[in-house]
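Q: Here you go, sequence then predicted model.
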Amino acid sequence: MNKSATPVPWLYDIDYEDANWVITSSFMIFTMQTGFGMLESGCVSIKNEVNIMMKNVVDIVLGGLTYWMFGYALSFGQSDLNNGFIALGDFFIDPSLSDPKKGAKYTAFIFQLSFATTATTIVSGAMAEKCNFKAYCIFSFLNTAIYCIPAGWVWGEHGFLNKLGAVDIAGSGAVHLIGGSAAFASAVMLGPRLGRYDNGIGPLPLGNPVNAVMGLFVLWWGWLAFNSGSTYGLSGAKWEYAARAAVMTMISTFGGGTVSILFTMIKLKGKIDTIDIINGILGSLVSITAGCFLFCGWEALLVGIIGALLVCCSMPLFDMAGIDDPVGASSVHGIGGIWGVIAVGIFADNPYPLDTTSGRTGLIKGGGWYLLGVQTLTAVCLLIWGLLTTFLLLWFINLFVTIRMDLHMELMGADITEHLVKHGNVNIVGVSRAVSAFRPVFDTNDIDELNTAGMNPEHHKHLDRVKNLASKKRYRLSKILRDITANRKFGINVAKRLIPKKRGRDKQIGRQIAATMTATVAHADQGSKAHLAWIT
Amino acid sequence: MNKSATPVPWLYDIDYEDANWVITSSFMIFTMQTGFGMLESGCVSIKNEVNIMMKNVVDIVLGGLTYWMFGYALSFGQSDLNNGFIALGDFFIDPSLSDPKKGAKYTAFIFQLSFATTATTIVSGAMAEKCNFKAYCIFSFLNTAIYCIPAGWVWGEHGFLNKLGAVDIAGSGAVHLIGGSAAFASAVMLGPRLGRYDNGIGPLPLGNPVNAVMGLFVLWWGWLAFNSGSTYGLSGAKWEYAARAAVMTMISTFGGGTVSILFTMIKLKGKIDTIDIINGILGSLVSITAGCFLFCGWEALLVGIIGALLVCCSMPLFDMAGIDDPVGASSVHGIGGIWGVIAVGIFADNPYPLDTTSGRTGLIKGGGWYLLGVQTLTAVCLLIWGLLTTFLLLWFINLFVTIRMDLHMELMGADITEHLVKHGNVNIVGVSRAVSAFRPVFDTNDIDELNTAGMNPEHHKHLDRVKNLASKKRYRLSKILRDITANRKFGINVAKRLIPKKRGRDKQIGRQIAATMTATVAHADQGSKAHLAWIT
Amino acid sequence: MNKSATPVPWLYDIDYEDANWVITSSFMIFTMQTGFGMLESGCVSIKNEVNIMMKNVVDIVLGGLTYWMFGYALSFGQSDLNNGFIALGDFFIDPSLSDPKKGAKYTAFIFQLSFATTATTIVSGAMAEKCNFKAYCIFSFLNTAIYCIPAGWVWGEHGFLNKLGAVDIAGSGAVHLIGGSAAFASAVMLGPRLGRYDNGIGPLPLGNPVNAVMGLFVLWWGWLAFNSGSTYGLSGAKWEYAARAAVMTMISTFGGGTVSILFTMIKLKGKIDTIDIINGILGSLVSITAGCFLFCGWEALLVGIIGALLVCCSMPLFDMAGIDDPVGASSVHGIGGIWGVIAVGIFADNPYPLDTTSGRTGLIKGGGWYLLGVQTLTAVCLLIWGLLTTFLLLWFINLFVTIRMDLHMELMGADITEHLVKHGNVNIVGVSRAVSAFRPVFDTNDIDELNTAGMNPEHHKHLDRVKNLASKKRYRLSKILRDITANRKFGINVAKRLIPKKRGRDKQIGRQIAATMTATVAHADQGSKAHLAWIT
């Protein structure tokens, strides 16, 4: 409450009560990364599910590193060199302990970082199953700049769109439209997955639909913090609009979800397609993001309905144009983002006493065409920037590392070729077929020798020993006792439990097995005999 | 802290510091939906796991929509028509920006919405694997009324139970008992799953126990916000009781968890059954919910122990009565809820200065029989309401859409029949057997043509091309070069990487493969040739 | 803000605004249990994935119970018996309603409880796939003491290390080093998994890498609350350091993640190993924990880089020494924890006005060798305590219950032997092989009779009935009608939907099938006929 008397940038104009809200929100926003990871890994073929999770990890690690290095600086840095297009201060932001604004700066950074990692990870879905992992690492490292410069246009005090009065509260434009247009550009640059449209534009089966829906849930709740946290505090009247943002975000998804259910039921004659529902709801979330606390309930519902419909209808259109975006990020974040930015121009209230809209209102609220014009300009600028810079960046990376996954990797799946993960059902998943097709040409020894995920390969050998012995009659009791003794008390305990309580021959064989196992323990415990002696 | 001088309903008597707590809690409560989804999808057969996730999505979308439309109005609406039984104001609640209580209203709505979606989703588990999806959508749409009217009895200022002094802090009764009795009624109405009791009442195997336990974890932590957030703020002494609620919630689960472990170990002679532990812990959570900050540690422990035991013992009793509740929601939420409501009458402290209990205390705290009587009345009213209205609602829906899943759908699983999801191991899961049994009768073409989840069907054809070519000697180098040239630099890069570095015949075949793949790229890239030219 | 004028222990020196932060943080910290569960179950063989989830449940239930019973008392209890080594008050902590500090006490307990459950669960990973479940329950019950006594040394007002000026903000030492050294000791005590090193020290395949990465994500975001919440409030300057803690935690992982990616790429010649990345990032999180708000950006980056490298390099070293820690907890929490504690002595700022470091600074900040000396002493004390007490505790438990899983259980997997969970792909997972090897010796009837997880066994019989009937021509229409009539309207509805609309013979057979199913319904609904009559 003890606000500084001297003017400070809005980003640093917070007290500790605002900071509570902002930091808590940012922690919840980070959970959206879990959501994107589960959604994307649930949508792709099983043979690529680990690869896409690793790409999400790389997004945070390298995307976060560059956000600290130069991303924050390009969006919000304070410097005399700042101009309407770019900020150029505070690289490697690291306020000293004597800086009276250090708390506000750390808070601003962690909040903006949570937005930045979300923005950069949107693209990963569009590149799933076809982008080379190393090329993706480079992309992830540099992609930060693609997001941060236009984020400065919209949110930075220097930004030319900000000065014109553009309103994009939680980033339908700056986060989602940028992410979506980058997704579109990368889907075009990488081309469709091999054979994607050989049988028409019907969707490929999801690898793990339960994980995909779980990802939707995690994103949904994270989005509440994303939008609600964007009041950037609770003090004054901010809390009232934070609560409004949460309510309108949910109402938007009620509208978007309902039409998605109807859409898919009509399209599939009564069946319900998982990905239509997921992307319809996500589309309504993207759409409400720019004006989350500027709408009343009916408007939020309508914004969500239109957003979901635009997404559900544009997904097959992109496919008809041969643009293969495995998770539909171009539609969800791109088309949804354009509509979200423009919807502000149509419906926005003036959230007095906040100056979010600089006192302006949307077209149907009597605010005239100005805001709608600025919002449209914003959408156009962000779209062009997102497409152009992503094309350029990928073209540049392709000069050094081919961005498209090698074809044999695409066919065998990136999990086995990049991460040495051999899934359980290599037959069903199609990996064994690919390995066998390539064996005459490539050295597949590495792959042939991999153990299946989820099994313990060494156990098989020991089981064979047990099995062989179980059929042998000549195993002598003396050896059993010797073996057991060798392992002292620990071994004896094990053996006691293993010897069944039946009488006669069964018991005898049982003892033999027990002994074998004791011997097996002895063998396995070579490295830890000392401790066995020590225990007993 | 600047509370209004004029009297306002308790629901709107909050400032921004309370709002911080209430909104943050509601965001965490929404994560319980993820928990219910994972728990339920982990408990059912794999052939229904996507279906139950989609039902959870529908719960939020349609249940949330109706909560906005009329649910909140029936519980908390302000109107002259309000009477002890029902509230009838604030339909489509949407406070205007000039409303001085708008922040409090939005906050109240988002918090109550998080409760409502939780309440309606409880029923989905009891209907899993046997309820028609369309009937479920209608049920989910109308179910809101079943929850909201009695929630008003207990929590609304108009409510007759509230006026009598009923205490149900976070809803053992209003949320869980209503949900549990609705679950019971729907389990009875739908009848048992086909053949459920052919071999006794032993439980069916869980489809994915890891997901089920993960769902337990997510519910557990969400429940902390559910109970702790129900102080409805932090100001004054509320924070002290919020902290107490969190502590007692955890202690209750320590008691409930411990007896569940002992219960299952005794029942199964040393083995530990996952679902016993899960439902025992959930039972202790349900039990502590009504009086979460009214108990001391020992009492919380006891409430949890009794709750868990009641749940663990009642599950097989329901099964013996032929009532098939796939996830045990009737026991967990119904029986646990009854105990939770009554426990308040026995143990409750007077949490001065809060007026939660109107100054009353429980039986053993010297408060006499009044509170216990009111609590018992509350449990009886809620139980009868939950059973009766659910029976009526399902009977009504059944007039238009048969509520029971068609039998061939039940046998093939709802994932494949409703959502076109063909699981990887159709043999193990039993789907292929069902499809083959029904093939002579029904048109199973749609299903036969479905691709297995997790595979990329187009890749198989391309692999066959590669394989065929690998055995051909006559492939001419000139064609390779032509193919590569056709794709310019991108193709050349791909080919270079594909040609192995071995000499002689291997290398030659390798080149052929490379060429094939280049050709394959060309083929796959039909729709994106322009961009290839553009890159290079 | 109305702080008490009389001196109170730091643990209880909070107001409701601090409490908001502390309680919210503790709720988020509990989500780390979900993270550990998913990480560990994703890392082990599929045949043990449920077992390790159950161990995580037990950790909370029994670990939490004992934390209430004596854990909190040994760390933070207030008593005249307290001395530098141990606290001895507040067993079964349960402040009365008249206690003016009750809110602070509940808050302190829930926060410390979230730390305690995290600490005790670290060990479960090192015991995965080889520890007897009952022995683990006993261990989990008593393990609390191992954590709580040294936590008192570092954080309790009585603690000798605290009095010397040891700094361990969020527990690199008290939580992670104790957990890691206990993990090391238990890995040694239990010996390696059977055959673990028969083929060298290469890692075994992860059972479910997607779940493992998901666990990493959940831990990552929970860690933000873990570190940031450890300012123990927001009032005064605490919020500035809470924000700093969050920023430095993320920057540390950017450093740790980047070097982990480079490390694994160099080691595996361009491939990326999932577990290297996961444990590298976790290592950087552990390392930053002790001094999370004492470092500037560059230092946090360096602390994370060194921590990740130490973890990545020490994992194979432990394996070379024959110490088999299935998830690498010894490296991540042990080695990472040592480095984290020592890093404070090197880099720490004095976070004025907080007295975290008692005004001291680290070696390179001009603070001299004192702090580094105390930190080193802290690391040594914690390491020795963790190793010694865990050895003793396991030795003691082993007197009564053999701590090592029986060998046939190890080979068949604990899921089937302890929890009666039969995984879908028993062949791939290796369980069927083990069962067959042991069948001559043990009574495997129980196991042979288990149904596969995810299938509905009763459906198979009914499918056979349908199949038989589909080939019979003689089924009479009269019987169909009788069957349908028997079930009244419900049955008729079902039958109508089942009878296909094709003409002729197909339709006739269809009718027969429909009738069979109706009959099947009748059979299945024996227990619920009453309600059918009631509906219709």
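A: Everything's here; your move.
Q: Helix, strand, or coil at the residue in the stretch 301-450 of chain A that chain B sits nearest to?
A: Among the residues of the stretch 301-450 of chain A, A:Gly322 lies nearest to chain B; the distance is 1.9 Å by Cβ to the nearest Cβ. Where you see a C-beta, it was placed from the backbone N, CA and C, and this is true even at glycine. Three-state call for A:Gly322 (DSSP: H, G, I helix; E, B strand; the rest coil): coil.
Q: Verify the contact between it and A:Ala187 for me.
A: No: in this structure A:Gly322 lies outside contact range of A:Ala187 using Cβ atoms under 8 Å: 9.8 Å.
Q: of these two, who's got more company?
A: Between A:Gly322 and A:Ala187, A:Ala187 has the larger neighbour count (other Cβ atoms under 10 Å in any protein chain shown), namely 28 against 21.
Q: For that one, list the residues it contacts.
A: A:Ala126, A:Met127, A:Phe318, A:Ile323, A:Asp324, A:Asp325, A:Ser330 (Cβ atoms under 8 Å, 6 or more residues apart in numbering or on different chains).
Q: where does the residue of the stretch 301-450 of chain A closest to chain B land on pLDDT?
A: Looking at A:Gly322, its pLDDT reads 89.
Q: just the one 10 residues further on next, same as before
A: According to the per-residue confidence, A:Val332 scores 98 in pLDDT.
Q: quick one: secondary structure of it?
A: Going by three-state DSSP: A:Val332 is helix.
Q: That one reaches A:Leu282, doesn't it?
A: Yes: between A:Val332 and A:Leu282 there is a contact at 4.7 Å, judged by Cβ under 8 Å.
Q: Quickly list what's touching both of these two.
A: Contacts common to A:Val332 and A:Leu282, judged by Cβ under 8 Å, 6+ apart, are A:Val311.
Q: My reading is that A:Ile122 lies in a helix. Confirm?
A: Yes: counting by three-state DSSP, A:Ile122 falls inside a helix.
Q: That one contacts A:His333, doesn't it?
A: Yes: counting by Cβ under 8 Å, A:His333 is a contact partner of A:Ile122 at 5.1 Å.
Q: Comparing these two, which residue is more hemmed in?
A: Counted by other Cβ under 10 Å, A:Ile122 and A:His333 do not tie: A:His333 has more neighbours, with 33 against 29.
Q: What helix or strand is the nearest residue to that one once chain neighbours are set aside located in?
A: In space, and not counting its chain neighbours, A:His333 is closest to A:Gly180: 3.2 Å by Cβ to Cβ, 6 or more residues apart in numbering or on different chains. Following DSSP states H and E, one finds A:Gly180 within helix A:178-190.
Q: After that helix, which helix or strand is next?
A: helix A:209-228.
Q: relative orientation of that following helix and helix B:209-228 in degrees?
A: 30 degrees (axes from the mean of the first three to the mean of the last three Cα atoms, to 10 degrees).
Q: and helix A:209-228, anywhere near chain B?
A: Yes: contact of helix A:209-228 with chain B (Cβ under 8 Å from any Cβ of the partner chain) involves A:Pro209, A:Val210, A:Val213, A:Met214, A:Leu216, A:Phe217, A:Val218, A:Trp220, A:Trp221, A:Leu224, A:Ala225, A:Ser228.
Q: Using a markdown table, lay out these together with pLDDT and neighbour count.
A: Formatted as a markdown table, these follow (pLDDT from 0 to 100; neighbours: other Cβ atoms under 10 Å in any protein chain shown):
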| residue | pLDDT | neighbour count |
| --- | --- | --- |
| A:Pro209 | 94 | 27 |
| A:Val210 | 96 | 26 |
| A:Val213 | 97 | 29 |
| A:Met214 | 97 | 27 |
| A:Leu216 | 98 | 24 |
| A:Phe217 | 98 | 27 |
| A:Val218 | 97 | 25 |
| A:Trp220 | 97 | 24 |
| A:Trp221 | 97 | 24 |
| A:Leu224 | 97 | 27 |
| A:Ala225 | 97 | 28 |
| A:Ser228 | 96 | 30 |
